[in-house]
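Peer 1: any chance you could fold what I've pasted below:
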Amino acid sequence: MNTHPVSSQPKPMFNIEDFKQLYKTFSSATPAQLPKLYHSAITFKDPVHELKGIAALTHYFASFCNQGTQYRFEFTNQVISNDQAFFQWQMLYTHPSLANGKPLLLNGGTLIKFNTQIIYHEDFYDMGAMIYQHLPLLGWAVKKINARIAEHN
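Peer 2: Next comes the predicted model:
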């Protein structure tokens, strides 16, 4: 007969709302909050980078917090299943080098995997829509290419 006590305390769960709030209020304070939600061995991917570890992710996010830049996320849909979630979002952002600093809108998605913290985070978005089409010469070329492709579909 087993005489060891069985713990009746449930395992702490990851709070999806904390994740969403972090991005809804993305600011210069955000990088310091990452260790609360992200595991120290986090794997992070986006169309440009693949990062390993909380220090690399914190440094990457801190690089977004320059003067003249702003980011705000609105979550438009989510699917949560066991230890993973996928979110569709719209990011409203400004950057002094893009569109003369006017607000821009980007649609994207994020997949996260978690236990008590996020262990994997992957962002999906169109780099052309985010940056390239807002640059003077390159933007013109991207728009022409997109128009040409649309003509043939």
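Peer 1: which stretches in this protein count as strands?
Peer 2: Taking DSSP state E as the test, the strands found in the chain are 38-45, 50-52, 70-81, 84-94, 104-114, 118-125.
Peer 1: list the neighbouring strands of the last one plus their orientation.
Peer 2: Sheet pairing for strand 118-125, assigned by DSSP bridges, gives strand 38-45 (parallel), strand 104-114 (antiparallel).
Peer 1: same check on the shortest one?
Peer 2: In the sheet containing strand 50-52, the strands it pairs with under DSSP bridges are strand 38-45 (antiparallel).
Peer 1: ok, and what's touching the strand it pairs with?
Peer 2: Strand 38-45 has contacts (C-beta atoms under 8 Å, 6 or more residues apart in numbering) with 50-54, 56-57, 60, 115, 117-123. Every C-beta, even on glycine, is put in place using the N, C-alpha and C of the backbone.
Peer 1: tell me the centre residue of this protein?
Peer 2: The centroid of the chain falls nearest to residue 123 when counting by C-alpha atoms, centre = their mean (5.2 Å).
Peer 1: for that one, which non-adjacent residue is closest in space?
Peer 2: In space, residue 123 comes closest to residue 46 once its chain neighbours are excluded; the distance is 4.2 Å by C-beta to C-beta, 6 or more residues apart in numbering.
Peer 1: mean pLDDT for the strands paired with strand 118-125: which is lowest?
Peer 2: Note on those: lowest mean pLDDT is at strand 104-114, with a mean of 93.
Peer 1: how far out from the middle of the chain is it?
Peer 2: Relative to its chain's centre, strand 104-114 lies at 5 Å (C-alpha atoms, centre = their mean, to the nearest Å).
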